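# dropping a prediction and its sequence here:
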Amino acid sequence: MDNKKFVMDAVDRHRDLIVDVSDQIFGFAETGFHEFKTAKLYEQVLKEQGFDVQMDIDGMPTAFKAVYGKGHPVIAFLAEYDALPELSQKGGCTERVPVEGENPDGHGCGHNLLGAGTFAAALAAKEYLKESGKEGTVILFGCPSEEKGNSKTLMARDGVFDGVDVAFTWHPADLNVVVTASTLANVSVFFRFKGVTSHAAAAPDKGRSALDAAELMSVGVNYLREHIISDARVHYAYRDVGGIAPNVVQGHSCVHYFVRAPKSYQVQEILKRVIDVAEGAAKMTGTEMSYELYAGLSDFIPNHVVSEVLQDAFDEIGAPVYDDKDYELARKFFYDSYSEDEVEAKKAAMKKRYGAAAEVLFEKPIHSSIIPLRWDLPIQYGSSDVGDASYVMPTAWLSTATATIGTPSHTWQMTAHGTTEMAHKAMLRAGEVLALAATKFIDDPSLAEKAKEELKEETGGKYECPIPKEIGPRLDE
């Protein structure tokens, strides 16, 4: 069997369904743990396509597990589908035009495409199992709330991924590349200070300012930055300043911290020092301090075996193919959606990265080639709960160019690309590549054993979840 032709034909047969799923979810634009319409749609279409679907996985009503086949290798695809707050935007529109209606949210990270692309891969891999008669299991995991709730972290902690041999995912972007760079581990922590209110002029000696404590903590952490590893990141936002009256000593305050570092153990080391600073601030002000771990996730461990198979599949199938209409729209996004200064800054960055080839991209600003596999890339200074998945099962992911080159995620411009033909083409290509990679593991199960051996060597067979067992999904936030 010609696996390439098979999976491309399989995705093409379901093209209208896959695109419709993506576009419907774009319209739903539901934020983390509130993806109820989205989850219902996936349940419906997956059952129609012959999958055994379990909903409400791991205490998350919008999480699901859709299974087809039996035996090994067990191949998982990881779907995301949550939107971002305040990024409502009309699809295909190159100026800022929110969608009409009451919903202010939008798919500024392209997760409508992400989920539908993994759905495409699962469909094609399922049909390959059926047609070939070979043993194996295909699972599509629905992973809600990637942006705020870290569902994969909870699923990894609670054993939802146990038994999976290899896992694949992808992400919409402005490049065609298999991701081999690690990401930053992360914890999200709320620090709360309790003081004593008093009249700030008549009886200041009676007061103990919780706001002073929060500010002293911020000063202390800012001094701490000099003495932590350079790849670490610590940032914060005030969530409660204790009121609006200057003549009342503030009796309560809250500050929200993120601590990021290349490895999870480094995050934990830095967090202990941040807690020490908070305790010191409380002592200096005579207040009480408490803290709450809100969320956390681990660094991504790129698996060489799975990534190399995925790269082979990508090279075999090729980059997405765009036409003149796609390039025309891309030019409008590139030049009309940004100020002149922003356009010039993008051009300068592209010249630095691509050299003389950047001139071609200024005219046709869609990345239409495939970046070769590299293992010497610097850390990506973002975070993803795919990292936790990669600690418990060999994982690889890729990106395809669903958006004009230079389009940053978490922007209205990224949202606007979400229903365009260029995005649909790149989404379908991602599904084809993931499915072809899956067939290679089905044909040669020894690849999965090699991938698992590599992961065990990397982690020692251990995974320490950054979220304690007593903390569940924050469904109401």
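That came through, no problem.
# and the helices in the stretch 251-400 of the chain?
Secondary structure of the stretch 251-400 of the chain by DSSP state H, counting those that start in this stretch: the helices cover 264-285, 304-317, 324-336, 340-354, 358-363, 386-392.
# can you say which of those is packed in most?
When the helices of the stretch 251-400 of the chain are scored by mean count of other CB atoms under 10 Å, the highest mean neighbour count falls to helix 386-392 (a mean of 26). (Glycine included, C-beta is placed from N, CA and C.)
# and that one, what's its mean pLDDT?
When pLDDT is averaged over helix 386-392, the result is 97.
# again, but for stretch 274-283
For stretch 274-283, the mean pLDDT works out to 98.
# repeat that for stretch 188-207.
Along stretch 188-207, the predicted local confidence has a mean pLDDT of 97.
# show me which positions of that stretch end up buried.
Using 16 or more other CB atoms under 10 Å as the test for burial, stretch 188-207 gives 188, 189, 191, 192, 193, 195, 197, 198, 207.
# which of those fall within strands?
Using DSSP state E, the members of these that fall within strands are 188, 189, 191, 192, 193.
# wait, what's in contact with the first one?
I take that to be residue 188. The neighbours of residue 188, taking CB atoms under 8 Å, 6 or more residues apart in numbering as the test, are 256, 257, 258, 293, 294, 295, 296.
# before we move on, the earlier item: how about a markdown table for the ones in strands among the buried residues of stretch 188-207, with distance to residue 236 added?
As requested, these are arranged in a markdown table below (distance: CB to CB, whole Å):
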| residue | distance to residue 236 |
| --- | --- |
| 188 | 11 |
| 189 | 9 |
| 191 | 9 |
| 192 | 13 |
| 193 | 13 |
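# wait, what's in contact with residue 65?
Contacts for residue 65 were tallied using CB under 8 Å, 6+ apart; they are 53, 54, 57, 139, 140, 141, 142, 160.
# please disregard the earlier target; I meant residue 247.
The contact partners of residue 247, by CB under 8 Å, 6+ apart, come to 199, 200, 201.
# setting aside sequence neighbours, what's the nearest residue to the last one?
The spatially closest residue to residue 201, leaving aside those adjacent along the chain, is residue 247, at 6.0 Å (CB to CB, 6 or more residues apart in numbering).
# do the first one as well
For residue 199, the nearest residue in space outside its immediate sequence neighbours is residue 247; the separation is 6.6 Å by CB to CB, 6+ apart.
# swap in the second one?
Nearest residue to residue 200, sequence neighbours excluded (CB to CB, 6+ apart): residue 247, at 4.7 Å.
# what about residue 83, how many neighbours?
Using other CB atoms under 10 Å, residue 83 has 29 neighbouring residues.
# from memory it sits against residue 31, does it?
Yes: counting by CB atoms under 8 Å, residue 83 does reach residue 31; the two are 5.4 Å apart.
# from the buried residues of stretch 188-207, which single one is nearest residue 303?
Of all the buried residues of stretch 188-207, the one with the least separation from residue 303 (CB to CB) is residue 188, at 26.4 Å.
# ok, now how distant is that closest one from residue 266?
Here the distance between residue 188 and residue 266 works out to 16 Å (CB to CB, to the nearest Å).
# what does residue 21 give?
When distance is defined by CB to CB, residue 21 is 39 Å away from residue 266.
# what does residue 286 give?
Note on residue 286: its distance to residue 266, by CB to CB, is 33 Å.
# pull the number of nearby residues for residue 90.
Per other CB under 10 Å, the neighbour tally for residue 90 reads 17.
# same deal with residue 96?
Around residue 96 sit 12 other residues, with neighbours defined as other CB under 10 Å.
# and the nearest residue to it once chain neighbours are set aside, what pLDDT?
Distance criterion CB to CB, 6+ apart; nearest residue to residue 96, sequence neighbours excluded, is residue 412 at 5.5 Å. pLDDT recorded at residue 412 is 98.
# so what sits against both of residue 83 and residue 31?
Common neighbours of residue 83 and residue 31 (criterion: CB under 8 Å, 6+ apart): residue 105.
# hey, where'd the strands end up in the protein?
Under the criterion DSSP E, strands of the chain are mapped to 52-57, 60-70, 74-79, 136-142, 166-173, 177-178, 185-194, 233-240, 252-261, 288-297, 395-401.
# of all those, which one is nearest residue 476?
Using CB to CB and comparing the strands of the chain, the one that lies nearest residue 476 is strand 60-70, at 11.4 Å.
# and the angle from that closest one to strand 52-57?
Orientation check (axes from the mean of the first three to the mean of the last three CA atoms, to 10 degrees): strand 60-70 against strand 52-57 gives 150 degrees.
# and strand 60-70, which strands flank it?
Strand pairing for strand 60-70, determined by DSSP bridges: strand 52-57 (antiparallel), strand 136-142 (antiparallel).
# winner for burial among those strands?
Looking across the strands paired with strand 60-70 with neighbours counted as mean count of other CB under 10 Å, the highest average goes to strand 136-142: a mean of 25.
# what angle separates that strand from strand 74-79?
Between the axis of strand 136-142 and that of strand 74-79 there is an angle of 20 degrees, by the same axes, to 10 degrees.
# just the CA trace of strand 136-142, in CSV.
In CSV, the C-alpha atoms belonging to strand 136-142 read as follows (Å, rounded to 0.1, in the frame of the first residue of the first chain):
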residue,chain,number,x,y,z
GLY,A,136,-3.0,-1.0,16.5
THR,A,137,-5.1,1.5,18.3
VAL,A,138,-5.7,5.1,17.4
ILE,A,139,-6.8,7.6,20.2
LEU,A,140,-7.9,11.2,19.8
PHE,A,141,-7.6,12.9,23.2
GLY,A,142,-9.7,16.1,23.6
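# begin at 32 from now on, thanks
Let's use 32 as the start, then, which means that last one is strand 167-173.
# next one: it to chain centre, how far?
Averaging C-alpha positions (CA atoms, centre = their mean, to the nearest Å) puts strand 167-173 19 Å from its chain's average.
# gap between the spatially most distant residue from the centre of the chain and residue 264?
No residue in the chain sits farther from the centre than residue 233, which is 52.0 Å out by CA atoms, centre = their mean. Separation of residue 233 from residue 264 (CB to CB): 43 Å.
# and residue 40, by the same measure?
In terms of CB to CB, residue 40 sits 45 Å off from residue 264.
# settle it for me: which of those two has more neighbours?
Taking residue 40 and residue 264 together and counting by other CB under 10 Å, residue 264 has the greater number of neighbours (18 against 13).
# can I assume that one is in contact with residue 413?
No: between residue 264 and residue 413 there is no contact under CB under 8 Å: 9.9 Å.
# touching both of those two, which residues are there?
Between them, residue 264 and residue 413 share the contacting residues residue 215, judged by CB under 8 Å, 6+ apart.
# please name the residues that touch residue 453.
Applying CB under 8 Å, 6+ apart, we find residue 453 in contact with 351, 353, 357, 360, 361, 397, 432, 433, 434, 435.
# who's in contact with the second one?
Neighbouring residues of residue 353 by CB under 8 Å, 6+ apart: 361, 397, 399, 453, 456.
# kindly indicate which of those residues lies nearest residue 483.
Within the contacts of residue 353, distances to residue 483 taken as CB to CB reach their minimum at residue 456, with 33.9 Å.
# residue contacts, the closest one?
Residue 456 sits next to 351, 352, 353, 357 when contact means CB under 8 Å, 6+ apart.
# swap in residue 227?
With contacts defined as CB under 8 Å, 6+ apart, the neighbours of residue 227 are 237, 238, 239, 280, 282, 317, 318.
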